[in-house]
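Chemist: Kindly return the folded structure for what I paste below:
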Amino acid sequence: MRNALTDIRKEDLKIDSRYNTYRYSGLRRSDGQSRAAALQAAVAPADTSSSIFVSMNTGRHFFSKTPSEHNRAVWEYSPAVNAAEASRSVSGVR
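Modeler: Purely as a prediction, here's the structure:
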């Protein structure tokens with residue numbers, strides 16, 4: 001299975017999109033409100049002890065305080081991790 005975040009292919013470099021940072025440098029334009037919110041969050045981050053997160057695949061994220069808590073959340077919320085583990089279990093390899 002291809003990991004789109006780490007497996008860059010030549011065809012990826014050819015995509016003509018303003019979001020293709022392999023072809024166009026700098027930050028992409030966005031609406032002013034989200035840009036302002038991002039800058040504010042960088043300047044004054046939330047006071048929280050949670051710093052590691054994983055997508056819950058619902059449009060929300062689960063935030064963890066420790067690496068072990070994060071690993072459990074990845075197992076619970078990541079379909080790709082579950083599928084890989086299931087295929088190893090079926091083949092008898094662990």
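Chemist: Spatially nearest residue to Asp69 (excluding sequence neighbours)?
Modeler: Wrong residue type there; residue 69 is Glu, not Asp. In this structure, Glu69 finds its nearest non-sequential neighbour in Ile52, 7.8 Å apart by Cβ to Cβ, 6 or more residues apart in numbering. Just so you know, the C-beta spots here come from the backbone N, C-alpha and C atoms, and that holds for glycine as well.
Chemist: so that neighbour touches Phe62, yeah?
Modeler: No - counting by Cβ atoms under 8 Å, Ile52 sits too far from Phe62 to count as a contact (9.3 Å).
Chemist: Tally up the residues packed near the residue nearest to Glu69, please.
Modeler: A count of nearby residues for Ile52, using other Cβ atoms under 10 Å, gives 15.
Chemist: Let me see the contact set for it.
Modeler: Residues in contact with Ile52 (Cβ atoms under 8 Å, 6 or more residues apart in numbering) are Phe63, Ser64, Lys65, Thr66, Pro67, Glu69, His70.
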